[in-house]
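Asks: Quick one, structure for this:
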Amino acid sequence: MNGVTTRLVCRWIHIVCSIPIIGYVYSPLEVIPNYAPPTRFVFLPVMILSGLWMWKGHLLGRLVTKRLA
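Replies: Residues are numbered from 1 along each chain as shown. You can find the predicted model right below:
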């Protein structure tokens, strides 16, 4: 995959994973226990990792290519 496709996929993963988090924040207090485990253990870590990849992924790519060479 080229850089444009990678950024596009990562951006959409970031957006899709933020929708349940917004629902968790703005939902009534009675339904928060239903949203808590998937939000804490799936959606939030995936959103953080995709955000870090969009922000500093180029540095990780440099480190990988230096180690392979």
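
Asks: When you work out contacts or count neighbours from here on, use the C-alpha atoms and nothing else.
Replies: OK.

Asks: Now residue 13: which helix or strand?
Replies: helix 3-26 (DSSP states H and E).

Asks: Could you do residue 65 as well?
Replies: Going by DSSP H and E, residue 65 is in helix 44-68.

Asks: Taking helix 44-68 as reference, get the angle to the helix holding residue 13.
Replies: 150 degrees (axes from the mean of the first three to the mean of the last three C-alpha atoms, to 10 degrees).

Asks: Could you list the buried residues of helix 3-26?
Replies: Residues of helix 3-26 classed as buried: 7, 10, 11, 13, 14, 17, 18, 20, 21, 24 (neighbour count, 16 or more other C-alpha atoms under 10 Å).

Asks: Grab the most central residue of the protein for me.
Replies: residue 47 (2.1 Å; C-alpha atoms, centre = their mean).

Asks: In contact with it, which residues?
Replies: 13, 14, 15, 17, 18 (C-alpha atoms under 8 Å, 6 or more residues apart in numbering).

Asks: same thing with residue 51?
Replies: Counting by C-alpha under 8 Å, 6+ apart, the residues that residue 51 touches are 10, 11, 14.

Asks: Repeat that for residue 50.
Replies: Residue 50 neighbours (C-alpha under 8 Å, 6+ apart): 10, 11, 13, 14.
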